[in-house]
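Chemist: Quick one: sequence and predicted model below, then my questions.
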Amino acid sequence: MSWLSRLNPRGPGSRSGRSAAPSSPCTADPETCLMVFENHWRQVSWVLEKHEPSSSSDDLTAVRNHTDQMLCLLAEERPAESPEGGGVPPMGPILELVVTENILECLVQWHLRRGLDPDSQGALLKLFEMLIGQSQQPLLQHTAVLHPLLRLLGACADPELGCPSALENSLVLLLNQICVSMARQPVVLEMLFRAAPAQQGSTNLLIFSLLVPFIHRDGAIGQQARDALLLVMAASASHEAVARYIAENSYFCPVLATGLSALYSSLPRKIEVRGDDWHALRREDWMCVSSLVLFMNSLEFCNAVVQVAHPLVRSQLLDYLHNGFLVPVMGPALHKSSVDEMIASTAYLDLFLRSVSETSLLKTFLRFILLHRHDNDTILDTLLTRISSNSRLCMVSLSLFRTLLSLNCEDVMLQLVLRYLLPCTHVMLSQRRAIRDTDLYGKSADKFLSLIPECCRLNAAPSTERDEDSAFWGKGDPSTESPAPPRPSTPSRLAFFIRQQSSGGGSGGGGPSTPTGMEPLQSGPSSSHPLSPDSPMHQQQTHTECLDWDSGYLEYLKDARRGIEHCSWACRDWSAPYDGENPSPNTVPPPPPPPTSNPSMAMFPEHFSFQQGGSSNTPPGQQRLLEQAPGEPQPPGDSNGQGISIEAFTQELRELEDRVKERSRPACQEEDTARESLSAERQEEEQQLSSALEVKLTGDTKGEGTVVGLCSPARPLNQPASQPYTGPFMVVLFAKLENMLQNSLYVNILLTGIVAQLACYPQPLLRSFLLNTNMVFQPSVKSLIQVLGSVKNRIEAFAASHEDFPAMLKKAQQYLVARGKVDWTDSPAAVPPLRRSDSLVKSRKPSLGDLILRHTNSPTRARHAAQLALAHVRDGGQSLHSALFKGSAGASGLEKQAEALRVKNAVYCAVIFCEFLKELAALAQEHAVSLPFPHSQESAPPPQMYWKNFG
Amino acid sequence: GHSTWSLPWAQRSDNEEQGGHGEQRSSPARLSFGKKQLPPIPKNAAPITKPASTGTPTQSANGTHASYGPFYLEYSLLAEFTLVIKQKLPGIYVQPSYKSALMWFGVIFIRHGLYQDGVFKFTVYIPDNYPDGECPKLVFDIPVFHPLVDPVSGELDVRRAFTKWRRNHNHIWQVLMYARTIFYKINTTEPLNPEAAVLYEKDVHLFKSKVVDSVKLCNSHLFDQPKIDDPYAISFSPWNPAVHEEAKERMFTYKRRPEDHHKGTQVSGLSWVKPGSTQPFSKDDGSPQS
């Protein structure tokens, strides 16, 4: 039986069956084995010693057969007994013979003299792979083994030209085996490194050079090569010379980095999106896109290399990644002119950020985002402007910012927000001392809760409709649940809303109407909590007089506490407290002023709007000129409102947009179709309430990807440059927030999530800006409470003009509850079966927003959820759809549809808004009772330390 | 003459949270100051409707804090407690009662001066219309011999320092701080214990010996059962290595972490900002990058 045929059936990586090789007398005693070996060797020698290299295939077959037997014997030989006192076990007799007679060298030399045909090459590679992989004793440290091996490798493959594709599998597998045993015996690395010049291979680390071309390969071969390289990296981490060689003499780093660029360029330019809730690439999304899988594998490999490699290699790789991938490839990709490409590149960047776990690699990405300028704008600037764009790009961008915020990175927060707040010019001078105040007495919380519109407090509906699904619903974000692989992901928003409707009737008043008594309430002895069991924290739940709107408040408090704790823990090593004194407002450099014009605007196609803040000085007339809302095309069509589903919503939106696009004249278009039907009343209201100017920058419609060269002053002309300015991020978020009524449900979920995320930050500058409702700001600075007040008014105006608002609100809630519930019960692994009374269980379930948004990945589930929702909704005898879509009978179908969309957005907005206020109130309260974490004592790990604990 | 209370409070040099590890006699398990924790939700307290035993709410009649609501009161007290922890008051430990957030148990260790070695347990009573009511009461378990401590009730004359309790300005930690100060700086004007005041003025020697007796008396009752039966009342017991050694060890090694920290696979604590700079990536992190 030929060794070739014996080895053949085994697939790469499969190790089974080899030690059970039938022909090997492995169990025989060492002396017998040696005798058998010598016998084979005698016969081989006889062939080898022929003076003329024979071309006879008989010779070849004979040599092969004997070699096969010999190497099996060698592989299965155990080392001799250790000498007394331990130490290195001496070689077994066969190995000793191999070394003294230099048998392997003779064999390889014979093959080389004879001329290696591919078949023999493959056979030898496999044979050596078997030998290295199976050997019972260390072999590679013997030059008698190592050198012939290197000679063989040099003959089979050229570091520059690679090797014949038929040999690739065997080659990589052998290299992998070599690296595995090298990782076990570090001395081998040294030997490989030193031995190399003696060989034909021109490069020092032949093994390494041979592996590099396979870095980005697909499938098992690529994985084996990457694994092997990683082993070399790890082994060389403490080997300066090898590291230097890799950095200076190999193409490892450039290949790795530019390979990413190549792989990136083959990624889909457009992400096919199924649902209108889609906003981020999740694992399930990209696992089936082979080009993305390939890219992610390589990125993951970069991450791993950064983790284990020598600092020299690491820093070189990071430099290459920055200058060879991020700047030349990611930069332009993010600035592509077509919306689809912007969406795709933003989603990719978000995915990359979430996938990277190594701090220094993350730093490279962040440095690129924060500091690199593409066409004069930082990547951050560009990404910021897109929050105000149409809903898909907006959602993807929001998702990216959510990821950025979840890093709790000082540098990011500094650039996004803090540098604008540092000078403290946004607050009145007299107020500066209040920056550090927390909401000791619940005043701010009270203020937030007081903004819950009256029309939303009445929904403690008659108990007939109070079925179990009204128990709770919430909002939040996706990606809290992590897929099976342990690969680090960056959980984004941790906060979510829960709401639990009390079974008592609402009393509709302001605060909880009756203070609770202090009578003790029996409860299980609970450990170390400082407050009493009959405190409202406990009683709240037993309190029948509780208002509907605050009955789930405890959940918000718990969430807020979790969020704040997590955030302050993560920020504990920041360089300064950002409390209005440190860094001192007087010494900080002035933040960049609002952009006077934005060159990158020219990059934007139609459908985009820019929103600027600080526009209170703009006369209404000017605003009207800039706004193009009136006279929008009214898309035709009809709405036959039957049933609701996510798909229907999506479809609806998309059709509407398509129709508008088709019919569009060279007039400007709204980012949101629903806005087209803004009533005059609504506009008037907007002028009254909104001082944030929304400048629509739109242009001719020239189809997908058209670049519109339109520039406009990005800030009102008459605004002095010295006006306090809280930065583009806050301005765009607030503008978007103020527009909540028109935003889609999903945009609002993401948007409020981000604001809540910001509000978790413990830095007094940020905390006071968002949550201290008593703070007096400069007139040009809009506060969150002002923005929310404006939204409240709009919701109330809307409710007042729709008599069926309460019913719609309830339906919308039921819909969201049902939709969320399906999902929870759907994933029993992550969430125990839902028991509404078990608040602990609930606190661990994924958030509703998560659930809502997650449907993207499973159309079936989405449909299922929608059906379920429908079933509940129809219980009431009237579908949400028909409720929401009840238009005026006289209007055209399309007007009706636009109106329906507007109504739908507004109703969902009202739902989200109330929950958001509770969330903010809870955050304000929790900040007052949170304790800072001490600076971690560990100083920064030295470079040679692995960052494994971050993995 | 002093309507507001303010004191330059000494920052404790302890690098960690206040934890009561300084005093071996204290019952370590009780003193968990380092750990702020909201009450966990009792497992049985999920949305059960209020039991029929709706005892008439005791404070509803007075209604002065109705506008804050129970949540706000609860959180205000918790916030006050948080402030106490942040102040790191030297030698003072408090623990809110299990039964009512308006009652805090405390103990104060006097380390120098006339009252050196005194260990005085006390209870703080916070008015239920806090923060709009009177200032909190502080009552020593055993009336310590002191001009400002009522020889019968043990109540400390707090009001002289806080003639009017002003929200936002006055905090419970100031009351605690005040309670500590009286032992270091004796004030005899308008005393609650005239005998002590007179002695201090006329016969310091006798005063001192009375103080020593009083301290001895207090310390001899250290291991008594707490005056108020409450799971969170502070109780002392003689040092018992089997019980206390491990608890002490835990206190010394304790590092507070976020509750769900173990779940955090997330990179965190990222900062490349050089202290004193406001420029991103200004810190030289020692890596040979760039």
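Modeler: Structure's in. What do you need?
Chemist: can you count the residues close to the residue nearest to B:Phe223 when sequence neighbours are not counted?
Modeler: In space, B:Phe223 comes closest to B:Phe236 once its chain neighbours are excluded; the distance is 5.4 Å by CB to CB, 6 or more residues apart in numbering or on different chains. Every residue, glycine included, has its C-beta placed from N, CA and C. B:Phe236 has 19 neighbours, counted by other CB atoms under 10 Å in any protein chain shown.
Chemist: State the distance from B:Phe236 to B:Gly269.
Modeler: Going from B:Phe236 to B:Gly269 by CB to CB, to the nearest Å gives 39 Å.
Chemist: One more: B:Pro96?
Modeler: On the measure of CB to CB, B:Pro96 and B:Gly269 end up 31 Å apart.
Chemist: just the helices in the stretch 51-200 of chain B please.
Modeler: For the stretch 51-200 of chain B, helices defined by DSSP state H, counting those that start in this stretch occupy the ranges B:69-87, B:172-181, B:194-202.
Chemist: how about the first one, does it get close to chain A?
Modeler: Yes - legend: contact between helix B:69-87 and chain A by CB under 8 Å from any CB of the partner chain is shown at B:69-82, B:85-86.
Chemist: circling back to that earlier point, dump the helices of the stretch 51-200 of chain B to JSON lines, plus mean neighbour count.
Modeler: Listed next are the helices of the stretch 51-200 of chain B as JSON lines, based on neighbours: other CB atoms under 10 Å in any protein chain shown:
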{"stretch": "helix B:69-87", "mean neighbour count": "24"}
{"stretch": "helix B:172-181", "mean neighbour count": "22"}
{"stretch": "helix B:194-202", "mean neighbour count": "16"}
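Chemist: Reformat those as CSV; add mean pLDDT and distance to B:Phe109.
Modeler: Shown next, in CSV, are those (pLDDT from 0 to 100; distance: least, CB to CB, whole Å):
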stretch, mean pLDDT, distance to B:Phe109
helix B:69-87, 88, 15
helix B:172-181, 96, 9
helix B:194-202, 95, 21
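Chemist: Distance to A:Leu429 added to these, as a markdown table?
Modeler: Listed next are the helices of the stretch 51-200 of chain B as a markdown table, based on distance: least, CB to CB, whole Å:
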| stretch | distance to A:Leu429 |
| --- | --- |
| helix B:69-87 | 26 |
| helix B:172-181 | 27 |
| helix B:194-202 | 47 |
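Chemist: quick one: B:Arg250 is in a helix?
Modeler: Yes - secondary structure of B:Arg250 (DSSP: H, G, I helix; E, B strand; the rest coil): part of a helix.
Chemist: Model confidence score at it, please.
Modeler: pLDDT recorded at B:Arg250 is 91.
Chemist: For A:Trp569, see how far away it is.
Modeler: 20 Å.
Chemist: Check A:Ala166 too.
Modeler: 55 Å.
Chemist: Comparing the two, which residue is more hemmed in?
Modeler: Of the pair A:Ala166 and A:Trp569, A:Trp569 is the one with more neighbours under other CB under 10 Å, namely 23 against 12.
Chemist: Contacts only, for A:Ile94.
Modeler: Applying CB atoms under 8 Å, 6 or more residues apart in numbering or on different chains, we find A:Ile94 in contact with A:33-34, A:37, A:73-74, A:77.
Chemist: ok, now B:Met103?
Modeler: B:96-97, B:123-126, B:228, B:230.
Chemist: Can you pull out the low-pLDDT segments for chain A?
Modeler: A:1-27, A:51-55, A:82-87, A:159-160, A:195-204, A:274, A:458-551, A:596-722, A:819-891, A:937-951 (pLDDT under 70).
Chemist: Do a quick rundown of the strands in it.
Modeler: A:373-374, A:377-378, A:609-612, A:693-696 (DSSP state E).
Chemist: go on, the stretch 51-200 of chain B?
Modeler: B:92-96, B:103-109, B:119-125, B:137-140 (DSSP state E, counting those that start in this stretch).
Chemist: Serialize those strands to JSON lines and add fields for mean pLDDT.
Modeler: Output for the strands of the stretch 51-200 of chain B, formatted as JSON lines (pLDDT from 0 to 100):
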{"stretch": "strand B:92-96", "mean pLDDT": "95"}
{"stretch": "strand B:103-109", "mean pLDDT": "96"}
{"stretch": "strand B:119-125", "mean pLDDT": "96"}
{"stretch": "strand B:137-140", "mean pLDDT": "97"}
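Chemist: could I get those strands as TSV with distance to A:Leu923?
Modeler: Output for these, formatted as TSV (distance: least, CB to CB, whole Å):
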stretch	distance to A:Leu923
strand B:92-96	23
strand B:103-109	26
strand B:119-125	29
strand B:137-140	33
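Chemist: Tell me which of those strands sits nearest to A:Asn408.
Modeler: strand B:92-96 (31.0 Å; CB to CB).
Chemist: The closest one - contacts with which helices or strands?
Modeler: helix B:69-87, strand B:103-109, helix B:172-181 (3 or more CB pairs under 8 Å, 6 or more residues apart in numbering or on different chains; DSSP states H and E).
Chemist: got the contact list for the closest residue to chain B within the stretch 651-800 of chain A?
Modeler: Relative to chain B, the nearest point of the stretch 651-800 of chain A is A:Asn774 (10.1 Å; CB to the nearest CB). Contact analysis of A:Asn774 by CB under 8 Å, 6+ apart lists A:434, A:443-444.
Chemist: coming back round to it: turn the helices and strands packed on strand B:92-96 into TSV, columns for distance to A:Gln307.
Modeler: Formatted as TSV, the helices and strands packed on strand B:92-96 follow (distance: least, CB to CB, whole Å):
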stretch	distance to A:Gln307
helix B:69-87	38
strand B:103-109	49
helix B:172-181	46
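Chemist: For A:Gln778, which of those is the nearest?
Modeler: Judged by CB to CB, the one of the helices and strands packed on strand B:92-96 that comes nearest to A:Gln778 is helix B:69-87, at 28.2 Å.
Chemist: The closest one packs against which elements?
Modeler: helix A:443-450, helix A:536-539, helix A:893-928, strand B:92-96, helix B:172-181.
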